[in-house]
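Student: Attaching a predicted model along with its sequence, questions to come.
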Amino acid sequence: MSDVVEKTLTALPSLLSLDSQPGSAKLSSNSKLGNLIRGITELTSKHEEEKLIQRELLLIKEQVSSPNTTMRQMKELMVRAIYCEMLGYGVSFSYIHAIKLAQQGNVLEKRVYLAVSLFLNEGHELLLLLVNTVLKDLQSTNLIEVCMALTVVSQMFPKDMIPAILPLVEEKLNHPREIIRRKAVLALYKFYLIAPNQVQHIHNKFRKALCDKDPGVMSASLHIYLQLIQENPEGYKDLAPSFVTILKQVVGGKLPMDFNYHSVPAPWLQIHLLRILSLLGKNDQTSEIMYEILDESLRRAEMNHNITYILYECVKCIYTIHPKSGLLEKAAKCIGNFVLSPKINLKYLLKALTYVVQQDPKLALQHQMTIIECLDHSDLIIKRETLELLFRITNDQNVTVIVEKMLDFLRISEDDHTTIDLVGKVAELAEYAPDNEWFIDTMNTVFSLGGDLLQPDIPNSFLKLLSEFDSVEEDKKLRLFAVNSYISLLQGDSSKLPQRFLQVICWVLGEYSHLREDLEPGVVVRLLAKLLDMKSSSSETKCWVLMAMTKLCPGGAALALVHDVSETYSSSLDTMLRQRAQELQILSQDSELQAKVLPRSASMEPVEVDSSLSFLDGFVSEALAAGAAPYKPPHQRQEELSRSKLNLEPYGLSLPISISSCSITDRQSPTLLSISSGLSGDSTDFSHKGSTALKLDGVKRLWGRDGYLAQKEQTEEAPRIEAASAVRSADQLGDNNALNSQTPNPTPSPECDQEKQQLASSLFVGLASQSTPAELSALSHSKVTLLFSKQNLDVSACHVQKEDSVVLVVFISNCSDSFLHQIRLQVDSEELETEEYGAMWLAFSHDTKQNLTLIHDGRDPLAATLDVLKRKLQLHVVEIIVEAIVACCLQQDQPCLMHCRMHAGMLAVWLRSPVPDLPDCLLYCCQ
C-alpha cells in the first residue's frame, strides 16, 4: 500500500472522531476498519473482494438498524461505509443514518457531515431532510458547526433551496473570523455557478470581499470575479487598478509564508490575477497600468525555472492585452530561451510560443531548428504542441509538409481526443490544397485514420465542396479523380474502411460515377453490393448504399442484382432501410419516374434548403396581428430574465442553438467547409492513453530530476543544432552555448544537419510575408494576405475595421538593399453582385427572421426604413427588386446577408450568416 493511501486512511478515523483518546487516529490492530483494509489487501481476485465487501455491508446494515448501537459505534460504521463507497460498492442504506447523525449529534458527532458530503449529490432526494439542519447550524454560535454547514452548502446544496439560506450566507461575509468569511465567499461562488440570477443583488458585497484584510478571503473572491469578468468585462474595468495592486503585493512577497509553494509566492493566486488582467485589458487602454507588473513577472520567471506555469499565463496576458512593443519582444525572447532548454518541463512552453507566433509568424523563424527537433521528441505531448504551432503558421507554400507531419502523428496516436483534433485541423488545411489529387488523397487519409471519430461536418463539408465547385473544368477533374480513387478502394479490401468513409464513397459514386465514360453502372452496382454483404456495415451505411444504387438503376444483368437486393431489404426491421429498399424497387422498374425524381442534370445544381420555414410567413403575420408576442432573440430573453425578480431558474433558457448540418441523402448538399479545431492554444491538455512511447521499463532509469533522461543506447537520437539558423540573435546563441556547456550532446552528423535544414526550409517557407505589421496590432483587422510577389517586392493587404467604416490597407515590402523612388499601385474594387449574393445565401446556414415595424416620416415607408437600417448596420445594398431588397452587411469581416420585403404592412427581415450568433445580435440592433 502506498504512503499516500496509508496516510489518508490513518487520518480518516481522526476526522470522524472514532475515539476521543489520544493517539486513536492510528489504525490499531483490533480496529474493524483496519481489519477490513488488511483483509482486502490480502485478497488475490476481484471475486473474493466482492464476497468480502458483501459480507461487510450486511454486517454494517444490521448494526446501523439495531437500536442498541451506540453513537461511537455508529460513527465507526459510517467510516467503514465510506470506505466501501470509495471502492465502488453501493451503501445507500447508510445515507439516512448519516443524515440522522448530522441532525441530532453534538459538535464532535456532527463531523459525520463528511459522510453526508461524500454520499450525496446535488440532485439527491434526501438533501431535503438536511435543509433544516443546515439552517440551524448556520445560525449557531459554534465556529465548527458554521464551518461544516458552509462546507456542505458549497458542495452539494440544491439550487431550489438557495433562497432559504442565502440571507444567512450573506451575513457570514461580515463574520469576525476569516475562515467563516472565506467559506461564505466560496458558497456564494457555488450559488453563482448554479443559479447566477439569485445572487445578482449582492455584487457589491463581492467587492468588499475583494478588499478583505485576510488574503484567504481575497483569493476566494477571485473565483467569482474571474467568472463575472469572463461574461461581462466592460462592467469591471474600474477594478483593474485593484487587481494590479494585488498582483504587485503577491509578486513582491507581501503575503504570509503559508501562501508560498516551493518558494513561489501564491502561484495559483498569480494565475487567477493574470487571467483576470488579460480579460480586462483586451483591446483596451486599461492595459497601460499592467505593463510594469507584467514586466516584473517576466523578470522573475527568467530567474526561477520552477514557475513556468506562471510564465505561460504571463505571456498569454501580454499577447492578449493592448500591445506594447518592448514587452512583446521581451516575452518572445523569454519564451525562446526556455524552449531552447534541454529540460523537458521547459519545452512545454511551446504552448506559449504558439500565442507568440499567432501575433508574429516571423518569430517562428528564430526557433525553427528547435521546432524541428520537437517534432521528433519522444514526449507525445511536446510533439502534439509542436504540430499545433505549425498549424498556426500554415500557408499555401508549406501546407503539404505540415499536413504530412500531422498525418504521421495520427498514425501513431492512440488518443481519441488527439485524433478528433488533428483530423479537424487537416480538413481545415485542405483549403490550401495545391491540386485536386493532393486534396482527394489527403481527405481519403483523413477518413481512414479518423474513422468513426470524425465530426459529421467534416464529410458533409467535403461533399459540399465536391458538389459546388467554382470552375466547371476543374470541377469535373476533381470529381473524376474522386470516382477513380473510390473505385480502386472498393476493388481492394474495403472491409477495413470506416463507416463514414464508406458513406462518402457511396454518395460520390452515386452522383458522379457517370463522368467516367468507360465505367458501366453495373460495375459500380456490383461493387456497392459487396458492402451490403459485409458484417461490419451498419444500417446507416446500408441506407447510403441503397440510395446510391437507386441513383444508378442500371439495366441488363445488374438489374437482377438490384431486384434481389430490394427484395432482401424490403422486409427489414429497420424502417429507414426498408424505405430505401422500397424506393430502389419502385424506381428501378420505372426509368421515366426515376429520371423525374432523380434527374442527373440536377446533381450540378445547388439545392436550396429553406431552414427558416418561410412558408409560414403568412401564419406568423396573422398571429402577430391577433396579438401574439413577437419573437425575441435568446440574448434578449436572457437579459429580461436577469432583470426579473421571480425565481425562474427551473425554466432557464438554453444557449443559442445554431442550425445543424443537413445529412447528405438524395441530392442535398452538406454545410460549409468550416471545421473548428477542438484544441486551441489555450485548451485543456488531454492525456495519451495507451501511448507506447511512455510504457518503458524502469521509470527511474528514464526520468530524473530535470525530466526525461537520454538513453545511452539511443545513439541515433536527434541532436541539437545551435548554429543552423542564421536569423537567431546573438543573445540566443549565447544562451544556447551556455546550455551546451552544461549538457553534453552527441555530435550531429552532416547528413542529419542537411535533412533538418531541408525540412526547416519546407516548413517555414512564406512566413516572411505573413507577419502582422506593428501598426495593426492595436486595431481590429483581417488576416494580412499576400497579393503579389516578384523578386524582392511583396504587396500585401488587409481590412481594418473602424467605428464607421472598413478600410483597405495595402503594405509594400522591399526586401532588397535598393531604394524605391516611385511606385504606382492600382486598386480595383468589385461590389457584391446579385449572383454572388445568391451563392453566399445558399452557403450560409445560420439565420433568423422577424417582422419589423415600418417607419412613417412622410416619405415612402420602405425607403425610410431602409435608410435607418443602412445607417444602423452599415449596409451595402446589392439590388432592389419591386418591394424586395437584398443587402450585405459586414461586421468586422464577418459577413451577414439580409433580405427584406414588404408583407402585411410590416417589413419582413431575414438575416443569414456563417456565424451562429451574428444574425440574432444584428436583429436585436434593428429593434
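Tutor: That came in fine, so what should we check first?
Student: Sketch out the helices for the stretch 1-150 of the chain, chain order is fine.
Tutor: 3-15, 32-41, 46-64, 71-86, 95-104, 113-119, 131-138, 143-156 (DSSP state H, counting those that start in this stretch).
Student: okay if I get those helices as TSV plus mean pLDDT and mean neighbour count?
Tutor: The way it works is simple: take the backbone N, C-alpha and C, and place the C-beta from them, glycine included. Formatted as TSV, the helices of the stretch 1-150 of the chain follow (pLDDT from 0 to 100; neighbours: other CB atoms under 10 Å):
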stretch	mean pLDDT	mean neighbour count
helix 3-15	52	13
helix 32-41	86	16
helix 46-64	89	14
helix 71-86	84	20
helix 95-104	78	19
helix 113-119	71	21
helix 131-138	83	17
helix 143-156	84	20
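Student: want to try a markdown table for those helices, with distance to Val199 as columns?
Tutor: Below are these laid out as a markdown table (distance: least, CB to CB, whole Å):
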| stretch | distance to Val199 |
| --- | --- |
| helix 3-15 | 31 |
| helix 32-41 | 41 |
| helix 46-64 | 38 |
| helix 71-86 | 32 |
| helix 95-104 | 26 |
| helix 113-119 | 22 |
| helix 131-138 | 16 |
| helix 143-156 | 13 |
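Student: In a helix, Ile855, correct?
Tutor: No. According to DSSP: H, G, I helix; E, B strand; the rest coil, Ile855 belongs to no helix; its state is coil.
Student: how many neighbours does it have?
Tutor: 16 (other CB atoms under 10 Å).
Student: Can you verify my assumption that it contacts Ala864?
Tutor: Yes. Taking contacts as CB atoms under 8 Å, Ile855 lies within contact range of Ala864: 4.5 Å.
Student: Quickly note the distance from Ala433 to Leu387.
Tutor: Noted for Ala433: a distance of 19 Å to Leu387, by CB to CB, to the nearest Å.
Student: where do the strands sit along the protein?
Tutor: Remark: strands assigned in the chain by DSSP state E are 260-261, 264-265, 703-704, 707-708, 780-781, 785-790, 793-801, 806-814, 846-853, 875-881, 884-891, 894-903, 906-913.
Student: And stretch 257-269, what's buried?
Tutor: Neighbour-count burial for stretch 257-269 flags Phe259, Val264, Pro265, Ala266, Pro267, Leu269 (criterion: 16 or more other CB atoms under 10 Å).
Student: For those residues, could you give me TSV that also reports pLDDT and distance to Tyr83?
Tutor: Converted to TSV, the buried residues of stretch 257-269 look like this (pLDDT from 0 to 100; distance: CB to CB, whole Å):
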residue	pLDDT	distance to Tyr83
Phe259	87	33
Val264	86	36
Pro265	88	38
Ala266	89	35
Pro267	88	34
Leu269	91	35
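Student: the bottom helix or strand of the chain by mean pLDDT?
Tutor: Sorting the helices and strands of the chain by mean pLDDT, DSSP states H and E puts helix 730-742 at the bottom, at a mean of 38.
Student: Which residue ranges make up the domains of the protein?
Tutor: If you go by the TED database, the domain ranges for the chain are 417-596, 785-814, 834-926.
Student: Can you add mean pLDDT and distance to His223 and give these back as a markdown table?
Tutor: Formatted as a markdown table, the domains of the chain follow (pLDDT from 0 to 100; distance: least, CB to CB, whole Å):
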| stretch | mean pLDDT | distance to His223 |
| --- | --- | --- |
| domain 417-596 | 86 | 27 |
| domain 785-814 | 72 | 34 |
| domain 834-926 | 71 | 27 |
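Student: List the contacts of Val399.
Tutor: Counting by CB atoms under 8 Å, 6 or more residues apart in numbering, Val399 makes contact with Leu429, Tyr432, Ala433, Pro434.
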